[in-house]
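>>> Next input, structure requested:
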Amino acid sequence: AALRPPRRRPVAQPTVAAAAAAAAGYDEPVAMPSAAPTVADSFFEGLPAEVLTDEEADLGEAVIEFLRHWSRTKGRGVQPNMVHLGGDSRVREFKAAALPRE
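Below is the predicted model:
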């Protein structure tokens with residue numbers, strides 16, 4: 001059987017950022033300091049706008065749910081880091097499905 005590219009579904013990026021910020025207890029996304037463009041910036045700018053594969057969208061939803069759970073159980077002012085996020089079994093499962101192995 002011929003390989004087909006993964007199905008993609010539209011996702012409004014500002015909504016995802018706002019949902020993640022709200023789940024972490026912020027009223028709106030936190031602005032990051034600007035820096036000189038990097039190779040990573042070029043990579044992300046080359047991606048299709050507002051479109052994620054189903055696997056990518058599932059990973060995003062798992063991250064948002066992790067942040068909501070963290071906020072409910074840890075309270076405001078206690079922020080998770082990437083180690084905490086990587087320790088979540090659902091996030092690990094969806095990361096494995098959405099991203100290539102490192």
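
>>> Let me see the confidence value for residue 33.
Residue 33 carries a pLDDT score of 59 in this model.

>>> Tell me where the model's unsure across this protein.
1-35, 102 (pLDDT under 70).

>>> Okay, strands next: where are they in it?
Under the criterion DSSP state E, the chain contains strands at 8-10, 51-53.

>>> and the last one, what other elements does it pack with?
Counting contacts by 3 or more Cβ pairs under 8 Å, 6 or more residues apart in numbering; DSSP states H and E, strand 51-53 is packed against strand 8-10. For the C-beta atoms, the positions are set from N, CA and C on the backbone; glycine is no exception.

>>> Can you give me the buried ones in whichever helix in the chain runs longest?
Ranked by residue count and defined by DSSP state H, the top helix of the chain is helix 54-74. Across helix 54-74, burial judged by 16 or more other Cβ atoms under 10 Å covers 55-60, 62-64, 66-68, 70-71.

>>> what's the answer for stretch 43-55, then?
Judged by neighbour count using 16+ other Cβ under 10 Å, the buried positions of stretch 43-55 are 52, 55.
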